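K.L.:
sequence unavailable; structure follows:
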């Protein structure tokens, strides 16, 4: 029994020793690291992606399409639209175990602007920031340097320098892939994330940042490019070569030109020239910028220097334009022949052919050279020809002319710079007169008349068009009935704008009461060799440029133009155009929202004698109101086919 008891106790001991161990393995507490891993399997991370879309002036752009892609599959691509403040916002909630960081690619599109590809790396964590994107208008001028040319000039050079700089760097493979995507495959949007990795690994690499900035710029990411160029400039100022500084000054200048900031662009180019006075491309671009500033004589000087320094034929074409606008069509014609060489003009792109056409048309205007005008006509003869001058108190000298032109010019400049979009009611009466002056045919129409601003090199230009009273775009009828179409009067006062005064000669005739105001009366005539503003007269078979002379009645107290009359500088016998007289009456319009007064055309009369026929159109404007941006975005200009009867719209 004792022996049996021993074995039982021994068996119980073994059970005691083994059973708890088995029980313990079933209820064991996991290791802390294992617990954290298990928790991460279900943990979610939320990132907010938000931003604002603006134009170059910082004005918000509503209705822009924003495509957000975080690169985790199509199910994570989101299509957004900006609100009235130009803002967009979304959020991504993802599995934290597989998404420890976030990078975002955005594609922004909006009518009237170039598309923009933006790339942002938010890194690890849940912190994000506002993405600011500035869209560039799709209206790049023919005189501006194409972005592709800038990339071609600088991209390969940067690539060559970085091959040696990154020879043993961990970023070399990313650089080679990104540079190939950008410069070989011309896929800047694809190249940006890869080149951004290079900069992230080596933030002190100035050439890396410049190349990334160019890729951003080519992808349409204006703000992304600006950030990289700013950092590259800091690096270049401390340890960069003169060549690096020149390249960055050049990039900054072209970006300012594309924004229309020509004075700033010229400043950067002067700095580049000071660093490298014989750099042909810098001299060429300085000449280009001076053309954009309409400083023709200075442009000619620097383009000559560029050609002497070995610039391309592009500099010769630019100099041709400068000579033409400088008022020397003969020299411009010689420069164009040198540019064309033995090649036919037909083989050149449209911008070149347009310059050649402008030279040809300006050469034809030389026939105006000895024309008598209101500026040099005797006062008795002028009083007889223009009955409206009755009551004129003749000027004893021209001593007051400079001040009159200066003050009037500043008023005109201010009008265009500060103009707000407007809508008014326009009533048009088109008439065809018999030889005895009686009305033979007529047509009356009424429209909503829109005046919208558009950027020009000298400031803001005005673009006019019409809608019916339901807001549908339309145009005056009557052309097919043998009547005449006329338009473009809102910009007639530009002859007195400081930018355009050099294109005309002026004469102070004296003072005369007009509509209860004491007025200065100034005669003017466009110079065939210097004129920068033209009106085009179109018929079914031909189209010619016209030059004008005329009279302006200017309020002696405010220097506002209250009446303007223009006449042909000379009849155009080749197209049988004997007369074209336009008379514009201006009245002050009070806009309560602005607390300001604008002098706008209230009535316009146009009388024209062409091919033995006489036409008269009368335009009356009333009920002026400010025109909000929302309506502007929905309206587009109407294309009008070439007419049969005369159409002297500017």
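P.N.:
Structure's in. What do you need? All figures in this text were calculated on a predicted structure; none of them were measured in a lab.

K.L.:
tell me where the stretch 451-600 of the chain is predicted with low confidence.
P.N.:
Filtered on pLDDT under 70, the stretch 451-600 of the chain yields the residue ranges 455-460, 593-595.

K.L.:
what do you get for the chain?
P.N.:
Looking at the chain by pLDDT under 70, you get 1-42, 73, 168, 369-370, 455-460, 593-595, 628-650.

K.L.:
care to break it down by domain?
P.N.:
With domains defined by automatic domain parsing, the chain comprises 44-134, 140-240, 255-368, 393-437+450-634.

K.L.:
out of the ones you listed, which gets nearest to residue 246?
P.N.:
For these, the distance to residue 246 is smallest for domain 255-368, at 4.8 Å, taking C-beta to C-beta. The C-beta positions use only the backbone N, C-alpha and C, and glycine is treated the same way.

K.L.:
quick one: end-to-end distance for that closest one.
P.N.:
41 Å (C-alpha to C-alpha, to the nearest Å).

K.L.:
what about that domain, distance to the chain center?
P.N.:
In terms of C-alpha atoms, centre = their mean, to the nearest Å, the centre of domain 255-368 is found 20 Å from the chain centre.

K.L.:
sorry, back to before: and the domains of the chain as JSON lines, adding distance to residue 380 and mean neighbour count?
P.N.:
Below are those laid out as JSON lines (distance: least, C-beta to C-beta, whole Å; neighbours: other C-beta atoms under 10 Å):
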{"stretch": "domain 44-134", "distance to residue 380": "53", "mean neighbour count": "16"}
{"stretch": "domain 140-240", "distance to residue 380": "46", "mean neighbour count": "19"}
{"stretch": "domain 255-368", "distance to residue 380": "24", "mean neighbour count": "19"}
{"stretch": "domain 393-437+450-634", "distance to residue 380": "10", "mean neighbour count": "17"}
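
K.L.:
would you reformat those as TSV and include distance to residue 249?
P.N.:
What follows is the domains of the chain, written out as TSV (distance: least, C-beta to C-beta, whole Å):
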stretch	distance to residue 249
domain 44-134	20
domain 140-240	9
domain 255-368	4
domain 393-437+450-634	22
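
K.L.:
which one of those lies closest to residue 378?
P.N.:
Nearest of these to residue 378, taken as C-beta to C-beta: domain 393-437+450-634 at 11.3 Å.

K.L.:
any idea which element the residue lying closest to residue 386 once chain neighbours are set aside lies in?
P.N.:
Leaving aside its sequence neighbours, residue 386 sits nearest to residue 551 (C-beta to C-beta, 6 or more residues apart in numbering; 6.6 Å). Using DSSP states H and E, residue 551 sits in strand 548-555.

K.L.:
just the angle for the following helix or strand past that strand relative to strand 548-555, thanks.
P.N.:
Per DSSP H and E, the first helix or strand lying C-terminal to strand 548-555 is strand 561-568. If you take axes from the mean of the first three to the mean of the last three C-alpha atoms, to 10 degrees, strand 561-568 sits at 170 degrees to strand 548-555.

K.L.:
residues in contact with the next helix or strand after strand 561-568?
P.N.:
Using DSSP H and E, the next helix or strand after strand 561-568 towards the C-terminus is strand 577-591. Contact with strand 577-591 is made by 420, 422, 486, 489, 492, 537, 544, 546, 560-568, 571, 596-610, 624-626, 646, 648, as judged by C-beta atoms under 8 Å, 6 or more residues apart in numbering.

K.L.:
the residues you listed in strands, which ones?
P.N.:
Counting by DSSP state E, those place 422, 537, 544, 546, 561-568, 596-610, 624-626 in strands.

K.L.:
what about residue 88, distance to residue 226?
P.N.:
20 Å (C-beta to C-beta, to the nearest Å).

K.L.:
just residue 550 next, same as before
P.N.:
Computed as C-beta to C-beta, the residue 550 to residue 226 distance reads 46 Å.

K.L.:
give the other helices and strands that the strand holding residue 551 contacts.
P.N.:
Contact analysis of strand 548-555 by 3 or more C-beta pairs under 8 Å, 6 or more residues apart in numbering; DSSP states H and E lists helix 401-418, strand 504-514, strand 517-526, strand 561-568 as its packing neighbours.

K.L.:
would you list those in a markdown table and tack on distance to residue 112?
P.N.:
Putting the helices and strands packed on strand 548-555 into a markdown table (distance: least, C-beta to C-beta, whole Å) gives the following:
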| stretch | distance to residue 112 |
| --- | --- |
| helix 401-418 | 21 |
| strand 504-514 | 34 |
| strand 517-526 | 33 |
| strand 561-568 | 32 |
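
K.L.:
so which of these is nearest residue 431?
P.N.:
The nearest among the helices and strands packed on strand 548-555, by C-beta to C-beta, is strand 561-568 at 19.0 Å.

K.L.:
in the stretch 201-350 of the chain, which spans are helices?
P.N.:
206-219, 222-239, 242-259, 262-275, 280-292, 296-308, 313-326, 329-340, 350-364 (DSSP state H, counting those that start in this stretch).

K.L.:
relative to residue 169, which of the ones you listed is closest?
P.N.:
Among those, the nearest to residue 169 by C-beta to C-beta is helix 206-219 (9.8 Å).

K.L.:
residues contacting the residue nearest to residue 386?
P.N.:
Contact analysis of residue 551 by C-beta under 8 Å, 6+ apart lists 374, 386, 388-389, 509, 521-524, 564-565.

K.L.:
which SSE is residue 190 in?
P.N.:
Secondary structure from DSSP H and E places residue 190 in helix 188-201.

K.L.:
which residues make contact with that helix from outside it?
P.N.:
Counting by C-beta under 8 Å, 6+ apart, 103, 105, 107, 117, 119, 121, 166, 169-171, 174-175, 177-179, 181-182, 205, 208-209, 211-212, 215-216, 218-219, 221, 224, 228 sit against helix 188-201.

K.L.:
return the residues in contact with residue 449.
P.N.:
423-426, 464, 466, 621.

K.L.:
now swap in residue 51 and tell me
P.N.:
66, 87-89, 106, 130-133.

K.L.:
tell me the secondary structure for it?
P.N.:
At residue 51, secondary structure determined by DSSP: H, G, I helix; E, B strand; the rest coil is strand.

K.L.:
look up how far residue 60 lies from the nearest residue in space to it that is not next to it in sequence.
P.N.:
Once flanking residues are discounted, residue 51 sits nearest to residue 131: 3.2 Å by C-beta to C-beta, 6+ apart. Per C-beta to C-beta, residue 131 is found 14 Å from residue 60.

K.L.:
mutual contacts of those two, please.
P.N.:
Taking C-beta under 8 Å, 6+ apart as the criterion, residue 131 and residue 60 both touch residue 52.
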